[in-house]
Each structure stands twice: as C-alpha cells, then as structure tokens.
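S.K.: The following block contains a protein sequence and its predicted model.
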Amino acid sequence: MRRRADPGEGFGYDLRRRRRSRLRAAVEGLAVAALAVALLRALVVQG
C-alpha cells in the first residue's frame, strides 16, 4: 500500500511502473476483492 519507491530503485522504475500501473491496479483490486470475500465468508460461517 506504500507509494514510496525503495532506495535502490533508479530512474527507469518510473517508466516501467507507469506502463504496468493498469495491470497492477487490476491485480491489486482482484486481491483486495478476494480478501474481502474470504473475510465475509469467515464472518458468515462464524455468525
């Protein structure tokens, strides 16, 4: 979730990140959705 770049990253990192930002956002969204579903299921099972 942190937006800061690591100290070891150079200039090319920005370009690479910009190109893959959309794919990365989709993957992150999927992961968050899966996490939310798992959490909801756990709550439903317990409740």
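M.R.: It's in.
S.K.: Can you list the low-confidence ranges for this protein?
M.R.: 1-20 (pLDDT under 70).
S.K.: Kindly provide the distance from residue 25 to residue 31.
M.R.: Separation of residue 25 from residue 31 (C-beta to C-beta, to the nearest Å): 11 Å. Where C-beta positions appear, they are placed from N, C-alpha and C, glycine not excepted.
S.K.: same question, residue 41
M.R.: Distance from residue 41 to residue 31, by C-beta to C-beta: 16 Å.
S.K.: Then residue 42?
M.R.: 17 Å.
S.K.: ok, now residue 37?
M.R.: For residue 37 relative to residue 31 (C-beta to C-beta), the value is 11 Å.
S.K.: how about residue 39, what does it touch?
M.R.: By C-beta atoms under 8 Å, 6 or more residues apart in numbering, residue 39 lies in contact with nothing.
S.K.: three-state assignment of it?
M.R.: helix (DSSP: H, G, I helix; E, B strand; the rest coil).
S.K.: which stretches of this structure form helices?
M.R.: 12-46 (DSSP state H).
S.K.: got the CA coordinates for stretch 31-43 in PDB?
M.R.: In PDB, the C-alpha atoms belonging to stretch 31-43 read as follows (Å, rounded to 0.1, in the frame of the first residue of the first chain):
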ATOM      1  CA  ALA A  31      -6.500  -9.500  -4.400                       C
ATOM      2  CA  VAL A  32      -8.500  -7.000  -2.300                       C
ATOM      3  CA  ALA A  33     -11.800  -8.400  -3.600                       C
ATOM      4  CA  ALA A  34     -10.600 -12.000  -2.800                       C
ATOM      5  CA  LEU A  35      -9.600 -10.900   0.600                       C
ATOM      6  CA  ALA A  36     -12.900  -9.200   1.300                       C
ATOM      7  CA  VAL A  37     -14.800 -12.300   0.100                       C
ATOM      8  CA  ALA A  38     -12.700 -14.600   2.300                       C
ATOM      9  CA  LEU A  39     -13.300 -12.200   5.300                       C
ATOM     10  CA  LEU A  40     -17.100 -12.100   4.600                       C
ATOM     11  CA  ARG A  41     -17.200 -15.900   4.300                       C
ATOM     12  CA  ALA A  42     -15.400 -16.300   7.700                       C
ATOM     13  CA  LEU A  43     -17.800 -13.800   9.300                       C
END
